[in-house]
Structures are given as C-alpha cells and as structure tokens.
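Trainee: Just the structure for this:
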Amino acid sequence: MAYNGNNFNTGSNNQQQNKGRTTYTPIRYINPESNVDKTRISYEYWNSTLKIKISNKKETGNNEIVFDDMDSAVIFLTPDKAKIFANVIRNFLKDHVKYNNSGVNTTKGVVTINNGAQHGTTNPCLIIRQIDQVDGTVQKTYAYEFKTEYHYAITNLDATDNEIRSFDKDFESYRNLEIEQLLNILDNFINASTYAYAAAAGKANEYRENTLNNKIDSIMSKLGVEYTGRSQRATGSYFDNYGKNNSGSNEMNSNNGYEGANKYNQLSSLDDIEDGLLD
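Mentor: You can find the predicted model right below:
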C-alpha cells in the first residue's frame, strides 16, 4: 500500500519544519509482520501541532528491523482537528461498522481509522493519505495495522520464592491498547494546548520572582542604592474590606482582621501552587 508520488516531499527534511521545536514521545509501535503494510507509527509535537507519522520498513537483507523516516507519510493535527479525531476514534471503538473509515482532514491530506476488512485483516488500521492540495490526487497512502494480540497482563500467577509454576496471559483486555494510547496522546495534546498549566506555572513563578525582588530591594536599601520602590495594595473582596454594615457605617474598613486573613489565604494558595510545581 505504501506509495510515493513523483517529486512528493514527505516533510521529513522539509525546511519549513525546522522553524519549530520538535518534541518526541517514546510511544510508538511497529508491526513488521503485517500483511497490510510493514510499518511503524510514531508521534511528535511540532509548532503547536500533533504530528502522526507512519514509516515504512527498510529492507536491509538481514534480520535487523529498521524503519525509514524518509519513506513515510505524515499528517499534522491542530488542537481542533485532534479533538475531532479523538471523538472519531471513540465512536469507532463503540461500533467498528457504523464508524468504519472515519477520520479528519487537514491541509496535507486525511487520516482515517477502519476495521481492516478492506485490507483482508480483522485488526483496525490507521491510514494516512497525503493529497495534492491543487488537484486532489492522492500522492501517498500508508497504513499501520494495530496489533490486537500482542500486549497482555499476567493473571493467575502461581509462584514460589524460587520458581514460576504457572500463569496466564490476558490479551483480550488489551486488544485496543495501541488505539487507547493514541487517544491518550490526543487528549493530552488537546488539554496541553489550552496553556492552563503554563499559566499556573507562570503565576507561581511570578510570586517567586516577587519574593526574590523584595529581597533584592532590601539589600539595595541597606546599601543605599536608589531605586523605584514597588507598591502593594490590598486585593481583597469588597465585602472583605470595604463593605458597609447594616447600620450604614464603614466599620468594615477597620479590617477587624479580615484584610490580614485575606492576604494570608491568597499567599498560602500561591505557595501551595509553587510547592506543587517544584515537587
């Protein structure tokens, strides 16, 4: 099934890709015994996209298993496309017939998942088709056949301190492990793309920087170095500090301990975030 159209660049050495940082994940699977395509599927994060790559097995003339990244098909998913594809896969896992050959399109092509029947197998397959953006011709079609009788857990282990007497292997519970791992990658990529974790880390770091700046200010003051001081103001709720009581007086402005408690709670929360990120 693996096919390269004339003068078609896989993107493996595309200059455009070198403009962003690539982060690799160790989650990758190979199926060199497949009758569909002897390929490897791997995942990378590049330029705010999730890159899914299917690489073809290279014939070496010996028993060594090597995959050729230049002989590959790739597709790049934005967070929105990844969300759609995650939903497609969940539907597929519920019903392999109704949602057969479902997927998501991108500017470079389309990625789909099918039940393998059209390829003469009972194992699900992930297909990447790279398509010419002008005339719509399919330039490449690569498939990865998910292994369904490979991953297992050990059950009914009968062992002593000196020997393993017997055990069973549970393959059935992990038939879809490779697909489920793809789902994990998609979900984590989608969640990470919100930058919520980065915002929390940045806020925690901001508090740490303020603490350091206060120490520097103190040192500068003792050394007699002139500088512009940093002002602080209360950030409590209207009801904590400035609200009026029922009689209309402004006794709440006397704080009665509320402002101090509010500041303490606020700083404690920031400390908790910072400590959690440093663990």
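Trainee: need the helices for the stretch 51-200 of the chain, in chain order.
Mentor: With helices called from DSSP state H, counting those that start in this stretch, the stretch 51-200 of the chain shows them at 79-94, 177-192, 196-223.
Trainee: I'd like to know which of the ones you listed lies nearest to Asp71.
Mentor: helix 177-192 (21.4 Å; C-beta to C-beta). The C-beta positions use only the backbone N, C-alpha and C, and glycine is treated the same way.
Trainee: what's the closest one packed up against?
Mentor: Helices and strands touching helix 177-192, by 3 or more C-beta pairs under 8 Å, 6 or more residues apart in numbering; DSSP states H and E, are strand 22-31, strand 39-46, strand 49-58, helix 79-94.
Trainee: Not counting its own residues, what contacts that helix?
Mentor: 25, 27, 29, 41, 43, 45, 50, 77, 79, 82-83, 85-86, 89-90, 93, 113, 124, 126, 146-147, 151 (C-beta atoms under 8 Å, 6 or more residues apart in numbering).
Trainee: Ok, stretch 21-29 next?
Mentor: Taking C-beta under 8 Å, 6+ apart as the rule, stretch 21-29 contacts 40-47, 51, 144, 146-147, 178, 181, 185.
Trainee: who wins for most neighbours among these?
Mentor: Neighbour counts for the contacts of stretch 21-29 peak at Tyr144, which has 29 neighbours (criterion: other C-beta atoms under 10 Å).
Trainee: Can you verify my assumption that that residue contacts Arg40?
Mentor: Yes. At 7.5 Å, Tyr144 counts as touching Arg40 under the criterion of C-beta atoms under 8 Å.
Trainee: quick one: Lys108 and Ile131 touch, right?
Mentor: Yes. Counting by C-beta under 8 Å, Ile131 is a contact partner of Lys108 at 7.2 Å.
Trainee: Pull out the buried residues from stretch 116-125.
Mentor: Of the residues in stretch 116-125, 116, 119, 121, 123-125 count as buried by neighbour count, 16 or more other C-beta atoms under 10 Å.
Trainee: Alpha carbons of stretch 180-187, as PDB, please.
Mentor: The C-alpha trace of stretch 180-187 is given here as PDB (Å, rounded to 0.1, in the frame of the first residue of the first chain):
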ATOM      1  CA  GLU A 180      -6.200   3.800  23.500                       C
ATOM      2  CA  GLN A 181      -2.600   5.100  23.700                       C
ATOM      3  CA  LEU A 182      -3.300   7.200  20.600                       C
ATOM      4  CA  LEU A 183      -6.400   8.500  22.400                       C
ATOM      5  CA  ASN A 184      -4.200   9.400  25.400                       C
ATOM      6  CA  ILE A 185      -1.900  11.300  23.200                       C
ATOM      7  CA  LEU A 186      -4.700  13.200  21.500                       C
ATOM      8  CA  ASP A 187      -6.400  14.000  24.800                       C
END
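Trainee: Return the distance of it from the chain's centre.
Mentor: 8 Å (C-alpha atoms, centre = their mean, to the nearest Å).
Trainee: Which of the helices and strands packed on helix 177-192 sits closest to Asp69?
Mentor: Across these (criterion: C-beta to C-beta), the nearest stretch is strand 49-58, sitting at 5.4 Å.
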